[in-house]
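Q: I need the structure of the sequence given here:
(one chain, ligands or ions: 1)
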Amino acid sequence: MGLGIGFDAERNQLLHRVPFHGLKKTATLRTLRIIIHQRRVTCARMTEEARLKTLATLEPLTARLLDIQRINSAASVLSWDQETYMPAGGGEARAEQIAVLQGVAHQKLVSPEIEKLLAQWIDPATGAAYEQAGDLWDESSRSLLREVWRDFSRAKKLPSDFVVRLSRECSLAQQVWAEAKEQNRFALFLPNLRTVLSLKREEAQYLGYKDSPYNALLDVYEPGATIAALQPVFSTLKARLVPLLKKITQSRVRIDDGILRQSYDHHRQLEFGRLVLIAMGYDFERGRLDLSAHPFTTSFHPTDVRVTTRVYEHELQSCLFSCIHEGGHGLYDQGLDPRYYGTPLGDSVSLGIHESQSRLWENCVGRSRAFWRFFYPILQQTFHHQLRGVDVEQFYAAVNCVKPSFIRVEADELTYNLHVMLRFEIERDLIEGKTQPDDLPAIWNRKMEDYLGIVPTTDAVGVLQDVHWSFGAFGYFPTYTLGNLYSVQFFEQAQREIPHLDDEIAAGQLLVLRRWLEQKIHRWGRMFTPDHLAQRVTGGTISPDPFLAYVEKKYGEIYQL
Ligand SMILES: [Zn+2]
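A: You can find the predicted model right below:
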């Protein structure tokens, strides 16, 4: 690659890390030349005289953003506590506390001070930084302004009282959903779902959209994503995954995954999960592992990033793979540059990219032969009684067993995308008003039968299984599939760039991969858009083909197709 945007950005990043000394001057001139070349400014004399504005110019803005981020982080601590240690009785009070903090953060973001600051630097119609010959922004500042504008302009469209109402209703709905799931009563959750859905449709109207209100919500989680872009991806996946699944279910190879459902001690499962997290480079000085009903990762700052897991005595996979999965998310958040905390440059770029990090660790690493060559003997020692007669090949096959199942989070990497596709179609139709919440259980079960050939026995393992809709996260699900696709593209690039990566993994040396991800992805925050980042890392854009080739090869071999 020549002196493209990538080099330019890396150089700029370097400038912020190095004090104003000799290197700075040379680098500045070089950076300038690149930018000016890109912008087709031809006056050679001006190159030498141009003034380059950096993040220092933006200090009045970033100081305010820092305060807002601190409020948001405080709200995240309250949410983390709600999911882990809060007694059930605290639910209503907690919903109010979080709603107030989110309301304050929202008011601060849309305040006249921030608007005034932004107005002097950027074009309010496009969010692009004002630049004239002789007065340019460096790339970090330009990215920061672009992303702050994205957040500001969206927040500005939402009335503050709406934000508080949405937050409160979502907190409450989440608690009712947990109860409804527990009791297997969809009807209990239905009124809250109706409320949240109508608020999200209202939100889409405030935000504005092209083609479908669902696009407005999708863009919140995955900047730039649209139904029109997703549809062909899902169609390609469906066209190749459904026949592959059929071949697998008809294969003569039978995998015994019953070995994963023996009795496994709770404490030892957690200890093994912790050991893998440490090997991955998850820093316990800046993190914690706790238990929650639904495993998740949350970050209050790169120095305090928390992951959770759950432990089932008779499902060895659950704790193990949720630790690796959340660990992948945790590494991303721990890898963000703490000096940019509070600004978009210190924030993760999108949920699709975030999920690519968790899926890369969970599947490309955690479900690989190389990984178990090192970790299986340790696991075998930990559970000597259960695993003494099981060799590594049997274990590898067991953790890669493909079987249509009801629960998305426990699905194998092949059927997983079919679970996501079903949710994508349902939530798109809900937001577009083509489906009514009352009909959800029936629609859910019909689609499960169509895509996976099975019908959930209860709503608890059907339409009620996921928390997302209860907290208003419509448009979130597709990012799981984007994450799966990105994960394979990133991992294959790592294999190309890191000498003998598979051997390193087989020797338990996972840090080399963590460092690569940190350099290529984590530390950039929102410097680049998701598309641009993928382009920089892999040289291409997102595509279902590498993922499909990967699963076809891997499962073709396991199932002797
Ligand atoms: Zn995840």
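
Q: what about the residue lying closest to Gly91 once chain neighbours are set aside, which helix or strand?
A: Excluding the flanking residues, the one nearest Gly91 by Cβ to Cβ, 6 or more residues apart in numbering is Gln175, at 4.6 Å. Quick note: C-beta positions are derived from backbone N, CA and C, even for glycine. Gln175 is part of helix 160-183 when elements are defined by DSSP states H and E.

Q: so what does that helix touch, helix or strand wise?
A: helix 91-109, helix 186-207 (3 or more Cβ pairs under 8 Å, 6 or more residues apart in numbering; DSSP states H and E).

Q: After the last one, which helix or strand is next? Please name it.
A: The first helix or strand that comes after helix 186-207 along the chain, using DSSP H and E, is helix 213-221.

Q: Need the residues that contact that next one.
A: By Cβ atoms under 8 Å, 6 or more residues apart in numbering, the residues outside helix 213-221 that reach it are 154, 200-201, 203-205, 207-209, 225-227, 230, 350-352, 427-428, 431-432, 473-476, 478-479.

Q: Check the burial of the residue in the chain positioned nearest to the ion by counting its neighbours.
A: Residue of the chain nearest the ion, by Cβ to the ion: Ser358 (4.1 Å). Using other Cβ atoms under 10 Å, Ser358 has 26 other residues around it.

Q: try Ile259
A: 18.

Q: cool, and the one 3 residues further on?
A: When neighbours are defined as other Cβ under 10 Å, Gln262 has 14 of them.

Q: cool, and the one 10 residues further on?
A: Here the count is done by other Cβ under 10 Å, and Phe272 has 22 residues near it.

Q: now do Leu217
A: Around Leu217 there are 23 residues (other Cβ under 10 Å).

Q: Over to Gln102?
A: Gln102, neighbours per other Cβ under 10 Å, totals 21.

Q: Not counting residues beside it along the chain, what's closest to it?
A: Gln102's closest residue in space is Ser167 (Cβ to Cβ, 6+ apart), at 4.7 Å.

Q: swap in Leu66?
A: Gly342 (3.5 Å).

Q: for Leu270, same thing?
A: Val311 (6.1 Å).

Q: so the one you found sits right up against Arg268, yeah?
A: No: using Cβ atoms under 8 Å, Val311 is not in contact with Arg268; the gap is 9.7 Å.

Q: Would you mind listing what in the protein touches the ion?
A: For the chain, the contact set with the ion under Cβ under 5 Å from the ion comprises Glu355, Ser358.

Q: Let me see the ranges of the strands in the chain.
A: 51-53, 135-137, 287-291, 297-301, 304-309 (DSSP state E).

Q: Just say which of the ones you listed is most tucked in.
A: Most buried of these, by mean neighbour count (mean count of other Cβ atoms under 10 Å): strand 304-309, with a mean of 23.

Q: circling back to that earlier point, in contact with the residue nearest to Gln102, which residues are there?
A: Ser167 neighbours (Cβ under 8 Å, 6+ apart): Ala95, Ile98, Ala99, Gln102, Gly103.

Q: Same drill for Val311 and Arg268, tell me which one is more crowded.
A: Val311 (20 against 14).

Q: Could you report the distance from the more buried one to Leu277?
A: Distance of Val311 to Leu277, computed by Cβ to Cβ, to the nearest Å: 14 Å.

Q: got it, and Ile454?
A: For Ile454, the distance to Leu277 equals 33 Å [Cβ to Cβ].

Q: who's more crowded, those two?
A: Relative neighbour count places Leu277 above the other of Ile454 and Leu277, with 24 against 14, counting by other Cβ under 10 Å.

Q: for the spatially closest residue to the more buried one that is not a sequence neighbour, what are its contacts?
A: Computed as Cβ to Cβ, 6+ apart, the closest residue to Leu277 that is not its neighbour in sequence is Gly327, at 4.7 Å. Listed by Cβ under 8 Å, 6+ apart, the contact partners of Gly327 are Val276, Leu277, Met280, Tyr282, Val307, Ser358, Trp361.

Q: quick one, what contacts Leu275?
A: Ile378.

Q: Tell me the confidence at it?
A: Note on Leu275: pLDDT of 98.

Q: distance of it from Leu218?
A: 38 Å.

Q: Please apply the same query to Ala506.
A: Ala506 is 39 Å from Leu218, by Cβ to Cβ.

Q: Please apply the same query to Val390.
A: Where Leu218 is concerned, Val390 sits at a distance of 43 Å (Cβ to Cβ).
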